[in-house]
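Colleague: Next input, structure requested:
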Amino acid sequence: MGKELFRLIVTGDSLAQEAMKILSSKCRITFTGAYPSPSFLAQKMREENAQALILRTGKAPAEVIKASPHLRVIAKHGVGVDNIDVETATQLGIPVMITASANYESVAEHTLGLMFALAKDIPWHDHRLRQGIWEKTKYRGVELFRKTLGLVGFGRIGRRVYELVSPLQMKVLVYDPYLTVENLPPDITLAAHLEDLLKEADIVSLHCPLTEQTRHLIGKKELEAMKKTAWLINTARGEVVDEEALISALQEGKIAGAGLDTFKKEPPEDLQLLCEAGKIVMTPHVAGATEEAFQRMGIEAAQNVLAVLEGKKIDKNYLANPEVLKFI
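Modeller: Purely as a prediction, here's the structure:
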């Protein structure tokens with residue numbers, strides 16, 4: 001008889017081909033389909049006596065994590081773990097792994113794309129031209145050249161955005177309470193307070209995780225502190241921004257525009273309100289959804305799962321709850 005396969009649940013319809021090659025000889029894989037409900041996912045975890053979970057879509061609350069007593073690892077197909085009950089996993093000694101280096105390039109490029117879409121009104125021009133309307137003589141866009149960019153958070157994504165805008169000679173401000181000046185490139189200004197960055201930046205771009213400290217980090221007060229000509233870019237998590245306050249700020253002209261890839265609820269419940277609020281460019285949480293990133297996320301998630309299941313050394317850079325190392 002061959003060696004017994006590890007039992008793995010994946011919340012989605014597929015994984016990258018290279019990831020499947022890594023897993024298929026060692027795991028019996030069950031796909032749940034996209035965005036399974038917690039109750040359905042918990043049922044699958046019980047039925048399969050799952051030892052591992054790769055979370056591509058949907059959520060893993062306590063009922064899911066506790067459903068299989070054999071669960072040994074949760075691997076996020078991405079980096080944000082706000083859809084995983086990390087506290088419960090930690091209490092049970094279950095590592096929560098992330099694909100830390102898989103999609104930062106894609107998200108950073110998408111951030112830049114939203115900036116250009118706002119600066120040059122690309123979606124609006126495309127829509128008008130498809131209607132046969134030629135706006136050449138009346139239109140005036142703006143340049144990003146030498147504008148002031150405020151980065152809220154300076155992890156892998158924020159740092160890569162800084163690198164991508166360097167040819168535009170933008171002045172870059174950073175607010176990140178976990179950094180000191182010594183950790184920053186010399187041409188970046190570290191803002192002591194978030195409000196200092198908001199008052200000066202022409203573009204505010206969010207690159208922080210969703211935590212209790214960052215939930216509604218950008219609310220009514222913060223939006224009012226921004227320049228009336230400024231734009232807000234969010235490729236982080238929707239709930240970092242108070243969406244109702246953002247809609248009001250756009251409606252009342254307190255800021256000039258927004259580029260959003262994430263929302264408080266996905267798909268957004270207030271989509272029409274957002275569409276009509278003012279100058280806004282939106283994408284459906286796809287900043288990290290490139291073919292290259294999909295391959296890297298799948299491979300890293302597969303490697304993370306097998307590292308735990310096979311008792312290999314775990315890279316702390318890929319671990320969302322390092323406290324569990326004492327249990328492993």
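Colleague: Stretch 96-110: which residues count as buried?
Modeller: Buried residues in stretch 96-110, counting neighbours by 16 or more other Cβ atoms under 10 Å, are found at 96-100, 102-110. C-beta coordinates here come from the backbone N, C-alpha and C atoms, glycine included.
Colleague: Break the protein down into its domains, please.
Modeller: 6-102+291-327, 104-282 (automatic domain parsing).
Colleague: what does the helix ranked longest in the chain contact?
Modeller: When the chain is parsed with DSSP state H, its longest helix is helix 291-309. Outside of helix 291-309, the residues within contact range by Cβ atoms under 8 Å, 6 or more residues apart in numbering are 6, 8, 15-20, 22-23, 26-27, 51-52, 54, 72-73, 75-78, 95, 97-103, 105-106, 288, 312-315, 318, 328.
Colleague: Give me the buried entries from those residues.
Modeller: Using 16+ other Cβ under 10 Å, the buried ones in the contacts of helix 291-309 are 6, 8, 15-16, 19-20, 22-23, 26-27, 51-52, 54, 72-73, 75-78, 95, 97-100, 102-103, 105-106, 288, 314, 318.
Colleague: tell me the SS of S14?
Modeller: coil (DSSP: H, G, I helix; E, B strand; the rest coil).
Colleague: Now for the nearest residue to it once chain neighbours are set aside: which residues touch it?
Modeller: With sequence-adjacent residues excluded and distances taken as Cβ to Cβ, 6 or more residues apart in numbering, S14 is closest to F31, at 7.1 Å. Contact analysis of F31 by Cβ under 8 Å, 6+ apart lists V10, G12, D13, S14.
Colleague: how much space between the nearest residue to G12 once chain neighbours are set aside and T235?
Modeller: The shortest distance from G12 to any non-neighbouring residue, by Cβ to Cβ, 6+ apart, is to R56 (3.6 Å). Counting by Cβ to Cβ, to the nearest Å, the gap from R56 to T235 is 18 Å.
Colleague: Pretty sure G78 sits in a strand.
Modeller: No: under the criterion used here (three-state DSSP), G78 is coil, not part of a strand.
Colleague: ok so, going back, what would the domains of the chain look like in CSV with mean pLDDT?
Modeller: Below are the domains of the chain laid out as CSV (pLDDT from 0 to 100):
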stretch, mean pLDDT
domain 6-102+291-327, 95
domain 104-282, 96
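Colleague: Confirm for me that K199 is in contact with K227.
Modeller: Yes: taking Cβ atoms under 8 Å as the definition, K199 is a contact partner of K227 at 7.5 Å.
Colleague: hey, where'd the helices end up in the stretch 101-250 of the chain?
Modeller: 104-120, 122-130, 156-164, 194-200, 220-225, 243-251 (DSSP state H, counting those that start in this stretch).
Colleague: Which residue ranges of the chain form strands?
Modeller: For the chain, the strands defined by DSSP state E occupy 6-11, 27-31, 52-55, 73-76, 96-97, 148-152, 171-175, 188-190, 203-206, 231-234, 257-260, 280-282.
Colleague: Including distance to A245, could these go into JSON lines?
Modeller: What follows is these, written out as JSON lines (distance: least, Cβ to Cβ, whole Å):
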{"stretch": "strand 6-11", "distance to A245": "32"}
{"stretch": "strand 27-31", "distance to A245": "39"}
{"stretch": "strand 52-55", "distance to A245": "30"}
{"stretch": "strand 73-76", "distance to A245": "29"}
{"stretch": "strand 96-97", "distance to A245": "31"}
{"stretch": "strand 148-152", "distance to A245": "16"}
{"stretch": "strand 171-175", "distance to A245": "19"}
{"stretch": "strand 188-190", "distance to A245": "26"}
{"stretch": "strand 203-206", "distance to A245": "14"}
{"stretch": "strand 231-234", "distance to A245": "11"}
{"stretch": "strand 257-260", "distance to A245": "12"}
{"stretch": "strand 280-282", "distance to A245": "14"}
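Colleague: out of those strands, nearest to A62?
Modeller: Checking those against A62 by Cβ to Cβ gives strand 73-76 as the closest, at 12.1 Å.
Colleague: So which elements touch that closest one?
Modeller: strand 52-55, strand 96-97, helix 291-309 (3 or more Cβ pairs under 8 Å, 6 or more residues apart in numbering; DSSP states H and E).
Colleague: rerun at 6 Å
Modeller: strand 52-55, helix 291-309 (3 or more Cβ pairs under 6 Å, 6 or more residues apart in numbering; DSSP states H and E).
Colleague: which ones are touching A16?
Modeller: F294, Q295, G298 (Cβ atoms under 6 Å, 6 or more residues apart in numbering).
Colleague: distance of the last one from A320?
Modeller: G298 sits 18 Å away from A320, taking Cβ to Cβ as the criterion.
Colleague: do you know how far P185 is from A236?
Modeller: Distance from P185 to A236, by Cβ to Cβ: 21 Å.
Colleague: And the two? Which one has more around it.
Modeller: Neighbours of P185 and A236, each counted by other Cβ atoms under 10 Å, are more numerous for A236; the result is 27 against 12.
Colleague: Counting neighbours, what do you get for the residue nearest to G12?
Modeller: Neighbour tally, R56, other Cβ under 10 Å: 22.
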